[in-house]
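Asker: 3D model of this:
(chains A and B, ligands or ions: 2)
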Amino acid sequence: MDATSDTFVSSPTDFPSTPPVGGAGKRPHVTIRGLSKRFGKTVIYDDFDLDIPRGELISVFGPNGCGKSTLINMIAGLIPIDAGRILFDGMLLSEIKFGYVFQNYREALFPWMRAFDNIAYPLKLMKVPAAERKARTEALVERLGVKIDLNLYPYHMSGGQQQLVSIMRSLVVEPEILFLDEPFSALDYEMTLFMREQLQKLFIESGTTMVLVSHDLEEAVYLADRVLLLSRHPARVADFMPVGVPRPRGDETLSDPEFVRLKAHCLEVFQREVRRG
Amino acid sequence: MIRRLDAFLPLIGVVGLLAIWSLVTSRQWVDPVLLPSPAETFKAFWKGMDGGALGFDFVKTVYRTTMATAIAAVIAIPLGILLGSSERLYRSLEFVIDFFRSTPASAMFPLFLVLFGVGDETKISVAAFGAILVILFNVAYGVMNARKTRLLAAKVMGASRLRVLFDVMLRESLPQTFVGLRNGVSLALVIIVVAEMFIGSQDGLGHSVFEAQQLFDMPRMYAAIAAAGALGYGLNLLFLTIERRYVHWSGK
Ligand SMILES: Nc1ncnc2c1ncn2[C@@H]1O[C@H](COP(=O)(O)OP(=O)(O)OP(=O)(O)O)[C@@H](O)[C@H]1O
Ligand SMILES: [Mg+2]
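Answerer: Ligands and ions are numbered 1, 2, ... in the order given. Now for the predicted structure:
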C-alpha cells in the first residue's frame, strides 16, 4: 500500500491505474485516494478512496457525525488531511477555482456590503477591475434569472434570499466545483422547497460539479445524479447510487416509481449502517 | 395615532422631573439655598452659556475630553487590532491590561502630576490613559470574536491573511470598537471633570461646579452640573449617531 501511495505522490497522472471507485463510465473530476483523518483518537476516515464524476451533482448522506462535513471540508481545503491525496483532474486545490456554500448564510455573508457587492467580492479578491466585476455579476444574475433586490443589505433579506446570494457569490468566479454543506437546513420548509428548485436550475444552467451534504434523504435523492451513502465512522462508501430519473425534476418526480424505489433503497442502506454502529 | 405619540414618551420623564422639582421648591420642602427653583437654575445656565464663564468652561472641558479620547483612540485602536489578531499575544498581556483597567485612573493623578506638572497635559493624559485601556480591550475582543464562519468564507474565496484582516476582521470588530469608544469617552469626561475640580485648575466644568459650591452660588452650581450632564449625554449621542450611520449592521 505504501508503495502505491508513493507513486500517487510522484505522478498524479497515474491515478486512473487504480480502478475508479463507484461512478462508472464518466471521467472522474475529483480523485480521492488513501484519505485518512482522525480527531484525537477518533478515526473518521481511514484509507478512503472515492471518485467524483465531472458535471454531476453528488449528494452525501449518512448517519449523524459520520464525517460528511469533514469530507467536503477536507476536499475544499478547510481542514487539513492526515494522509492521502485529493486531486482535481490531476491538479491541486490551489490550482483550481471552487466555491463553498455554508449552512449558516447569516454568518457567511458580509453584512457591511450590499447583496450585489457580496456576490462580486470574490472577483475583487481576484483583482478583477471594478467595471468588469459589475458586468460579470450582472451577467450572472441575468443568466440565473434571479429576481431579488440586490441593493439590499443581507440583514434585510429573507433567509432563502440570503442563501441564494451566498450561492451566487460562490458561482460568480465560474467554479469548476461547488461544495454545499446542508445549505437549506436553516430555512423553513416552504423556502427549502423553493431553494431546491433554484439549486436544480443553477445546476442544469451551469453544469458545475456539485457536492451537496444533506440530512434530508428525499432532498438528497431528488437533487442528485448520484447519492454517496456513508457508513458510521471510520466512514466507508456504503453505496454510491446513480439516480437515473431525468431532469428537470419536479413535484411529479416525488411519486415517480423509480424515484420511490431509489429512495427506499437508500433508506435501507442507511438503516443497515445505523444498526451496525 | 397613539403610535405617533410614542416618539414623545421620553419627554414624560423630563416633564415629571421638572414638575417635582418645581413643586419641591415652590412648597419650600427643601431649603431654597440648597435647591434653587428650575427657573433660577435655567436663568443661571442661560446667562453662563450665553457669553458667560460657563460657556468658556464648557468649551474647555469639551476640548480636554475630545483630546483625551482622540489620543486614546489613535493609540488603542491599532494596538487593539494587533493584540486581537493574535489570540496568544492578547492572552499574554491580558493580565496587565485587566489590572490597569481595574485600577481607578484617579489613582494615577499624583504620578502624572510628577511627570507632566499641573497643566492640561496631566488632565488629558490621565483621561487618555483610562480611555485607552477601555478602547483597547473592546477592540481586541471585537477582533478576536470575529465570526469564524465569516473568516472561513473569506479564506475559501482565496483571501490572503492581510485581506482577511482588513476586509473581515476590522469590519467585524467595528460594533465592539464603538462600544469601547462610547465607554472611553464617558470615562474620559469623568476623569477630566474630577481633574478640573482638584488639580489646580482655573477653568473647565469641574472647576465651575467646585467654585460655585465654594461661593455658595447654588443656581450656578446646578447650571454647571446640568452642563456637564448635557455634555456627557451629547458625546454619547454623537458616537451612537456615527455608529448607526457607518456601522449599520451592528446588532443585526
Ligand atoms: N474539530 C473537531 N474536533 C474534534 N472532533 C471533531 C471535529 N470536527 C468534527 N469532529 C467529530 O468528527 C465526526 C464527524 O464530524 P462531521 O461534522 O464531519 O460529521 P457530519 O457527518 O457532518 O455530522 P452532522 O450530521 O452532525 O452534520 C463527529 O463525530 C464529530 O464529533
Ligand atoms: Mg455536518
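
Asker: isn't there a helix covering residue A:269?
Answerer: Yes: judged by DSSP: H, G, I helix; E, B strand; the rest coil, residue A:269 forms part of a helix.

Asker: any idea how far it is from ligand 1?
Answerer: Remark: distance between residue A:269 and ligand 1 (C-beta to the nearest ligand atom, to the nearest Å) = 16 Å. Any C-beta I mention is one placed from the backbone N, CA and C, and that applies to glycine too.

Asker: distance of the spatially most central residue of chain A relative to chain B?
Answerer: With distances taken as C-alpha atoms, centre = their mean, the residue of chain A nearest its centroid is residue A:211 (2.1 Å). Separation of residue A:211 from chain B (C-beta to the nearest C-beta, to the nearest Å) stands at 14 Å.

Asker: same check on residue A:198?
Answerer: Using C-beta to the nearest C-beta, one obtains 20 Å as the distance from residue A:198 to chain B.

Asker: tell me the SS of that residue?
Answerer: helix.

Asker: which residues touch it?
Answerer: Taking C-beta atoms under 8 Å, 6 or more residues apart in numbering or on different chains, we find residue A:198 in contact with A:164, A:167.

Asker: count of neighbours near the closest residue to residue A:219 other than its chain neighbours?
Answerer: When the adjacent residues along the chain are set aside, residue A:219 lies closest to residue A:196, with 6.2 Å between them (C-beta to C-beta, 6 or more residues apart in numbering or on different chains). Residues within reach of residue A:196, counting by other C-beta atoms under 10 Å in any protein chain shown, total 19.

Asker: return the distance of the closest residue to ligand 1 within the stretch 1-150 of chain B relative to chain A.
Answerer: Of all residues in the stretch 1-150 of chain B, residue B:148 sits closest to ligand 1, at 11.3 Å by C-beta to the nearest ligand atom. Per C-beta to the nearest C-beta, residue B:148 is found 8 Å from chain A.

Asker: before we move on, which element is the residue nearest to that residue when sequence neighbours are not counted in?
Answerer: Counting by C-beta to C-beta, 6+ apart, residue A:107 is the residue found nearest to residue B:148 once chain neighbours are left out, at 8.0 Å. In the assignment (DSSP states H and E), residue A:107 maps to helix A:105-108.

Asker: show me where the stretch 101-250 of chain B has its strands.
Answerer: Ranges of strands in the stretch 101-250 of chain B, per DSSP state E, counting those that start in this stretch: none exist.

Asker: which residues of it fall in helices?
Answerer: For the stretch 101-250 of chain B, helices defined by DSSP state H, counting those that start in this stretch occupy the ranges B:109-116, B:120-144, B:148-156, B:161-163, B:170-198, B:205-214, B:218-246.

Asker: strands of chain A, residue ranges please.
Answerer: Here chain A has its strands, by DSSP state E, at A:28-39, A:42-53, A:57-61, A:83-88, A:98-101, A:177-181, A:209-213, A:226-230, A:237-242.

Asker: for residue B:122, find the nearest of those strands.
Answerer: Set against residue B:122 and scored by C-beta to C-beta, those come closest in strand A:98-101, at 54.9 Å.

Asker: partner strands of the closest one, parallel or antiparallel?
Answerer: Note on strand A:98-101: by DSSP bridges, its sheet partners are strand A:177-181 (parallel).

Asker: that'll do, ta.
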